[in-house]
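[1] predicted model and sequence below, questions to follow.
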Amino acid sequence: SFEILISLVKNFKKFINIQTKLHASSLCANRTIAAIGTHEIKSFQPPLKYLALPPDELHITALHKKKPVSAKELIDALVRDADLARKRTKRNTLNPLHR
């Protein structure tokens with residue numbers, strides 16, 4: 001009915017609002033730490049199966065990237081990026097006299 005549709009739209013807007021706030025919060029750090037995705041339920045065929053693979057065998061195409069890399073390569077790159085970001089932040093907080 002129309003009331004159910006209105007309720008779904010309001011709840012979806014509420015969900016999107018919460019999702020947006022969460023992505024921007026320190027918990028997700030603008031999606032650099034975590035992200036929540038929504039998907040069309042019709043695109044999934046039950047039963048869903050999950051397969052655990054070693055990091056060298058699991059390949060992932062990261063968001064905004066064109067080619068897949070192994071999970072190990074992705075984690076190594078993320079750790080390097082985090083270290084560089086930490087060093088940049090640390091460098092920027094030094095007193096100008098110590099530079």
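    All right, it came through fine.
[2] how's this protein carved up into domains?
    1-38, 53-93 (automatic domain parsing).
[3] mean confidence score for the last one?
    What domain 53-93 shows for mean pLDDT is 88.
[4] contacts for the helix or strand hosting Val9?
    Following DSSP states H and E, one finds Val9 within helix 2-24. Here helix 2-24 makes contact (CB atoms under 8 Å, 6 or more residues apart in numbering) with 28, 30-31, 35-36, 38. Bear in mind the C-beta positions are built from the backbone N, C-alpha and C, glycine included.
[5] each with direction, which strands does whatever helix or strand comes next after that helix pair with?
    Heading C-terminal from helix 2-24, the first helix or strand you meet, by DSSP H and E, is strand 59-60. If you go by DSSP bridges, strand 59-60 pairs up with strand 69-70 (antiparallel).
[6] contacting residues around the partner strand?
    Strand 69-70 is contacted by residues 55-62, 77 when judged by CB under 8 Å, 6+ apart.
[7] most neighbours of all those, which one?
    Compared across the contacts of strand 69-70, Leu58 has the highest neighbour count, 15 neighbours, by other CB atoms under 10 Å.
[8] how about it, what does it touch?
    70-71.
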